[in-house]
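Q: Can you look at this prediction? I've put the sequence above it.
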Amino acid sequence: MWNQGYPTEENFKEDLLSKNLYLATEGGRIIGSVSVSFDPMPAFFDETHDPKKLTALLDKVSAKEEDSFLIPHRLMVDPMDQKKGVAGALISYLKDLYPHRLWIFAVYPLNQKAIAFYEKKGFLNMGRYLFEYGPVSEEILFCSTHTR
């Protein structure tokens, strides 16, 4: 998922314009960031906007279209600040900010570090799932437990 073409400067500009970019700072220095979106269709099926694909995804995570979603993107921590709880603090902040949202997100299958992190944080690993974005579309689907 992280390659020469992704993420782009344009991705971050869009995050800033949408006001959905959250930063962790220390001493005026950015040490981590995460962006979020709220609509699973453009987040996962931007090419076709196929409602059947969205329904299948929501069925997989036992969700309904009327649920409120949170889709985190591009969680990253400066390498100098990794293993200091920065990513966990960003996740906790978002959980507090959006307490009743169902989290749905994808993780690159070879990113074992991220997979282990999200599992440790209590997210459910739903296995491989075929999305519609980027050169690699099969990712690991994660979701939170329901808070309805």
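A: Received the coordinates, thanks. Numbering: from 1, shown residues only.
Q: Okay, now the unreliable bits of this structure?
A: Under the criterion pLDDT under 70, the flagged ranges of the chain are 1-5, 133-136, 146-148.
Q: If we use 90, what do you get?
A: Low-confidence segments of the chain, defined by pLDDT under 90: 1-16, 46-47, 65, 108, 110, 132-138, 145-148.
Q: Tell me the secondary structure at Met80.
A: Here Met80 is recorded as helix under DSSP: H, G, I helix; E, B strand; the rest coil.
Q: Apart from its neighbours in sequence, what residue is nearest it?
A: Ile31 (7.8 Å; CB to CB, 6 or more residues apart in numbering). To be clear about C-beta, it is placed using only N, CA and C from the backbone, and glycine gets the same treatment.
Q: pretty sure the one you found is touching Gln82, no?
A: No - using CB atoms under 8 Å, Ile31 is not in contact with Gln82, being 9.3 Å away.
Q: Those two: which has the busier surroundings?
A: Ranked by neighbour count (other CB atoms under 10 Å), Ile31 and Gln82 place Ile31 first, with 19 against 14.
Q: how close does the more buried one sit to Glu138?
A: From Ile31 across to Glu138, the span is 31 Å (CB to CB, to the nearest Å).
Q: can you give me the helices for this protein?
A: Secondary structure of the chain (DSSP state H): helices at 9-18, 40-44, 51-60, 86-97, 112-120.
Q: Please identify which of those helices is closest to Ser144.
A: Ser144 lies closest to helix 86-97 among the helices of the chain, at 8.4 Å (CB to CB).
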